[in-house]
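K.L.:
Give me a 3D structure for the following:
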Amino acid sequence: MHLELQGTVQGIGFRPFVYRLARSMALSGWVRNSSRGAEIEIEGSAQALDKFKGRLYSEKPRAASITAEKVSFTHSPGYTEFIIASSNDKASKSAGILPDLAICRACLKDIFETGNRRYLYPFTNCTNCGPRFSIIERLPYDRHHTTMKAFTMCDECREEYENPLDRRFHAQPNACPRCGPQMELWDRKGKVLERRNDAVQAACEAIRSGKIVAVKGLGGFQLMVDARQGAAVSDLRRRKGREEKPLALMYPDMEAIRKDCDINSNELGLLSSAAAPIVLLRRKSFPGVGSSGLSDLIAPGNPYLGIMMPYTPLHHIITAQLGFPVVATSGNLSDEPICIDEHEAFHRLGKIADLFLVHNRPIFRQMDDSVVRPINDGAIILRSARGYAPTIISTDSPGMPVLAVGANQKNSLALGIGKQVLASQHIGDPGSRYSSEALANNVDSLLRAYDLTPKVIICDRHPDYIATQYAERQGRPVVKVQHHYAHVLSCMVDNKIETPVLGVTWDGTGLGDDSTIWGGEFLYIDKKSYKRVGHFRHFRLPGGEAAIREPGRAALGVLYAIYGDSLFSKEEITLVKAFKAPELKVLHRMLARGINSPISSSAGRLFDAAAALIGLGRFSGFEGQAAMRLEFAAEQADSDEVYGFDIIQESGIHVIDWEPMFIEMLDDIKKERAPSLTAAKFHNTMADIIVEAARLIGEKKVALTGGCFQNRYLTERAIRRLKSSGFTPYRHRTIPPNDGGIATGQIMAALRSAKEKQ
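P.N.:
Numbers count the residues shown, from 1 in each chain. Okay, the predicted model is just below:
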């Protein structure tokens with residue numbers, strides 16, 4: 001029997017598993033890596049081969065996934081043993097690449113076992129853990145195709161690597177202190193202060209003394225400081241240009257996390273998983289500090305902390321030495337991609353870090369830390385990167401090789417290869433020069449890994465997006481996909497659901513078919529395309545993008561749509577009085593004349609408007625801050641109260657009129673009802689709008705997608721209300737609901753279009 005398997009079958013111990021299985025069943029033949037995945041040729045009786053195949057699927061390594069197979073039978077060649085053969089890289093490449101994985105228990109034992117040859121060695125790994133996607137240059141996944149090719153294994157490491165019964169068999173990053181990468185500690189002038197373990201020890205002492213240390217980790221640099229020292233955290237924020245956005249924390253162990261946060265079994269599973277993401281956990285004492293004495297500057301005004309466990313040997317060694325939580329934030333200036341090269345970091349982070357803890361294992365592609373938000377039935381992936389990316393999604397629509405370059409925020413890429421889609425890691429917001437370079441570099445590295453030349457490049461319709469402009473410069477056919485259509489398709493493929501589907505796609509901004517700003521959409525998806533069947537009532541955003549940074553402007557736009565010019569004489573509305581007279585006069589003119597005040601149906605801006613009206617802030621220090629404050633306020637209330645709303649028909653489209661909701665909200669504000677209650681009523685109403693719109697449109701399958709569904713309160717309530725009303729709701733599971741999922745949706749749009757033309 002000859003088996004050709006596609007999926008994630010490389011870099012996870014799949015070949016030694018097959019070897020052991022075949023040997024245990026006394027079968028002969030071979031297994032090898034191929035450019036498409038894995039190949040097995042195995043000889044035995046028909047009954048034995050059938051049993052072998054059954055056990056292959058049922059007992060395969062936990063991280064393995066088989067998305068496609070091709071089975072054929074030939075006459076027996078007369079094999080006498082079962083071997084692991086050399087890789088075959090001649091065919092077109094489509095094998096899945098495994099994400100970087102957290103250190104396993106066996107390797108963790110090695111690094112803390114005195115007398116072990118890998119004691120305190122920061123690059124310890126095996127086939128069950130360690131770097132993958134961040135070091136692989138091309139397929140198949142063999143050492144000479146990774147950044148480890150510069151390190152020649154010593155005799156002991158080579159023996160492990162070549163022994164099929166050893167857990168380090170063909171672990172491509174396999175190394176030890178004798179033959180592998182090493183650490184160095186640099187000062188700001190590039191002088192080497194310490195080497196090897198002494199470098200790590202000295203870096204720990206620097207963190208303990210309040211210094212900022214740039215640490216080269218698995219997929220890039222992190223900036224580390226003592227999370228208990230307010231002055232150190234303040235310095236980091238000032239130097240990094242990150243005034244209010246929460247900072248990620250790394251704790252030494254679970255016991256330390258429990259001192260500061262409540263953890264349920266779902267959250268515990270996320271923290272201790274092989275992906276080891278940053279998990280948003282509710283802190284025990286808020287406002288104020290936890291029992292570990294965290295600085296109030298870690299996450300100002302936020303009842304949640306972004307926490308991760310140490311996931312590499314280096315992180316475990318550092319946190320074990322320190323014994324307290326550290327800030328471990330991305331090694332970059334705000335809105336730039338993370339640094340992956342020590343010389344680049346020395347240049348870009350020179351004014352942020354006091355010291356640089358570096359190593360000489362090259363990082364081939366950037367890999368930020370993943371971020372997840374626990375939800376009742378699992379988690380919402382807010383940022384898909386280390387541990388999760390690349391994500392391999394199987395489809396039933398084989399097509400030509402295509403590349404999707406995503407949107408402008410939370411950018412990621414996707415490749416369509418045969419019957420699967422590969423969704424890349426989070427790249428960032430391609431606004432700065434470094435971010436634009438990161439986009440191009442990641443495209444090149446992904447195409448290089450698969451030796452792929454895309455026939456078509458897919459992008460967003462917005463002409464000002466950097467990713468769109470990049471696609472247009474490549475000299476290849478370009479297909480432009482509507483933003484919210486891509487959102488819905490990404491949720492559909494994430495849940496493997498077929499049409500028809502009602503897509504509820506709520507976010508901040510996306511260019512609509514009518515050239516206005518969409519963002520509060522109800523799209524009906526059929527076998528061929530999509531139709532806009534509902535949306536929120538339009539309003540203007542004075543100042544355009546300025547309204548994103550200043551939710552108070554979005555609130556003025558909403559109120560102007562209700563009251564017109566009379567709004568500016570309504571001194572009883574607190575928000576109006578909050579603006580200075582000259583600014584208010586300019587904003588009035590902009591709204592009245594439609595100057596730099598684009599028309600929008602954005603649900604995201606409605607959340608901003610509600611937050612500003614309630615008094616939760618006229619300004620946002622970072623994207624989504626106002627909406628986050630609104631959600632946190634809603635969580636403090638235990639109420640099922642709702643506001644009113646209307647749904648009217650305009651040219652066959654259901655238009656959701658939010659005017660009754662905002663008028664009643666203003667009345668609650670006037671009566672000085674608790675902001676938490678007002679926030680809860682707003683959220684409850686938004687969930688009810690979804691249910692009522694779905695009832696009027698008449699589609700039972702409802703896909704919830706877009707950045708607004710990062711909001712746990714909204715998502716959980718909408719799902720409950722839809723289920724109780726007889727609908728079948730779907731939320732994102734392996735693909736982010738925000739713009740990080742757009743590229744995957746763009747691929748699906750292209751596949752649907754190609755299938756329709758066949």
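K.L.:
Contacts for stretch 179-196 next, please.
P.N.:
121-123, 151-154, 157, 175, 177, 197-203, 314, 342, 346, 350, 353-361 (CB atoms under 8 Å, 6 or more residues apart in numbering). Yep, even glycine has a C-beta here, placed from its N, CA and C like the rest.
K.L.:
Throw together a ChimeraX command that grabs the buried residues out of those residues.
P.N.:
ChimeraX command restricting those to the buried ones, with burial defined by 16 or more other CB atoms under 10 Å:
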select :121,122,123,151,153,157,175,177,197,199,200,201,202,203,314,342,346,353,354,355,356,357,358,359,361
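K.L.:
Narrow the contacts of stretch 179-196 to those in strands?
P.N.:
Using DSSP state E, the members of those that fall within strands are 355-359.
K.L.:
For Asp262, state which of those is nearest.
P.N.:
The shortest gap between Asp262 and any of those belongs to Leu357, at 32.8 Å (CB to CB).
K.L.:
And the helices in the stretch 301-450 of the chain, which stretches?
P.N.:
Ranges of helices in the stretch 301-450 of the chain, per DSSP state H, counting those that start in this stretch, are 313-322, 342-348, 433-449.
K.L.:
Same list (the ones you listed) but as JSON lines, adding mean pLDDT and distance to Ala679.
P.N.:
As requested, these are arranged in JSON lines below (pLDDT from 0 to 100; distance: least, CB to CB, whole Å):
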{"stretch": "helix 313-322", "mean pLDDT": "98", "distance to Ala679": "37"}
{"stretch": "helix 342-348", "mean pLDDT": "91", "distance to Ala679": "39"}
{"stretch": "helix 433-449", "mean pLDDT": "87", "distance to Ala679": "34"}
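K.L.:
which one of those helices has the most crowded surroundings?
P.N.:
The highest average neighbour count among these, using mean count of other CB atoms under 10 Å, belongs to helix 313-322 at a mean of 22.
K.L.:
was I right about Ile84 contacting Phe17?
P.N.:
No. Proximity of Ile84 to Phe17 does not meet the contact threshold set by CB atoms under 8 Å, at 10.8 Å.
K.L.:
distance of Ala214 from Glu41?
P.N.:
Taking CB to CB, to the nearest Å as the measure, Ala214 falls 49 Å from Glu41.
K.L.:
So for these two, which sits in the more crowded spot?
P.N.:
Neighbours of Ala214 and Glu41, each counted by other CB atoms under 10 Å, are more numerous for Ala214; the result is 25 against 19.
K.L.:
Check what pLDDT that one gets.
P.N.:
Here the pLDDT value assigned to Ala214 is 98.
K.L.:
how does the chain divide up, domain by domain?
P.N.:
2-84, 97-181, 183-359, 378-496+741-757, 504-731 (automatic domain parsing).
K.L.:
May I have the distance across the last one, first residue to last?
P.N.:
What that stands for is domain 504-731. Domain 504-731 stretches 10 Å from its first residue to its last (CA to CA, to the nearest Å).
K.L.:
With the second one instead?
P.N.:
Using CA to CA, the end-to-end distance of domain 97-181 comes out at 23 Å.
K.L.:
follow-up on the earlier one: can you redo the helices of the stretch 301-450 of the chain as TSV with distance to Asp368?
P.N.:
TSV is the format used below for those (distance: least, CB to CB, whole Å):
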stretch	distance to Asp368
helix 313-322	15
helix 342-348	14
helix 433-449	11
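K.L.:
Tell me which of those helices lies nearest to Ser285.
P.N.:
Per CB to CB, nearest to Ser285 of these: helix 313-322, 22.1 Å.
K.L.:
so the closest one versus strand 355-359, what angle?
P.N.:
140 degrees (axes from the mean of the first three to the mean of the last three CA atoms, to 10 degrees).
K.L.:
Residues contacting helix 313-322, please?
P.N.:
Against helix 313-322 from outside (CB under 8 Å, 6+ apart): 103, 107-108, 111-112, 120-125, 183, 200-201, 203-204, 207-208, 215, 217, 224, 226, 250-253, 310, 326, 328.
K.L.:
Let's see that with 7 Å instead.
P.N.:
By CB atoms under 7 Å, 6 or more residues apart in numbering, the residues outside helix 313-322 that reach it are 103, 107-108, 111, 120-124, 200-201, 204, 207-208, 217, 250, 252, 310.
K.L.:
For the residue nearest to Gln482 when sequence neighbours are not counted, report the pLDDT, please.
P.N.:
Closest residue to Gln482 apart from its sequence neighbours, by CB to CB, 6 or more residues apart in numbering: Arg461 at 5.8 Å. According to the prediction, Arg461 has pLDDT 96.
K.L.:
OK, contacts around Arg461?
P.N.:
Applying CB under 7 Å, 6+ apart to Arg461 gives the contacts 480-483, 511.
K.L.:
same thing but 10 Å
P.N.:
Contact analysis of Arg461 by CB atoms under 10 Å, 6 or more residues apart in numbering lists 468, 480-483, 485-486, 510-513, 515.
K.L.:
Repeat that for Ala561.
P.N.:
Listed by CB under 10 Å, 6+ apart, the contact partners of Ala561 are 537-540, 567, 591, 599, 657-659, 662.
K.L.:
Need the max-distance pair from those residues.
P.N.:
The span of the contacts of Ala561, defined through CB to CB, is set by Leu591 and Asp657 at 18.9 Å.
K.L.:
if we can go back for a sec, could I have the buried ones of the contacts of Ala561 as PyMOL selection syntax?
P.N.:
Paste this into PyMOL to select the buried members of those, with burial taken from 16+ other CB under 10 Å:
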select buried, resi 537+538+539+540+567+591+599+658+659+662
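K.L.:
Now intersect the contacts of Ala561 with the strands, please.
P.N.:
Using DSSP E, the contacts of Ala561 in strands are 539-540, 599, 657.
K.L.:
out of the residues you listed, who's nearest Lys70?
P.N.:
Using CB to CB, Ile599 comes nearest to Lys70 of those, at 52.3 Å.
K.L.:
Could you find the closest non-adjacent residue to that closest one?
P.N.:
Distances taken as CB to CB, 6+ apart place Thr516 nearest to Ile599, at 4.4 Å, with adjacent residues excluded.
K.L.:
element containing Val586?
P.N.:
In this structure, Val586 is located in helix 581-593 according to DSSP states H and E.
K.L.:
and what of Ala612?
P.N.:
helix 603-614.
K.L.:
next SSE after that helix?
P.N.:
Counting by DSSP H and E, what follows helix 603-614 is helix 625-635.
K.L.:
same for that next one, what does it pack against?
P.N.:
Other helices and strands packing on helix 625-635, by 3 or more CB pairs under 10 Å, 6 or more residues apart in numbering; DSSP states H and E, are strand 304-308, helix 546-549, helix 551-563, helix 603-614, helix 675-697, helix 712-724.
K.L.:
remind me which residues of the stretch 351-500 of the chain are low pLDDT?
P.N.:
Residue ranges of the stretch 351-500 of the chain with pLDDT under 70: 397-399, 430-432.
K.L.:
dump the residue contacts of the residue sitting furthest away from the middle of the chain.
P.N.:
Most distant from the centre of the chain: Gly78, at 49.2 Å, with distances by CA atoms, centre = their mean. By CB under 10 Å, 6+ apart, the contact set of Gly78 is 28, 43.
K.L.:
the strands in the stretch 151-300 of the chain, which residues?
P.N.:
Under the criterion DSSP state E, counting those that start in this stretch, strands of the stretch 151-300 of the chain are mapped to 183-186, 192-195, 213-216, 221-226, 249-250, 278-282.
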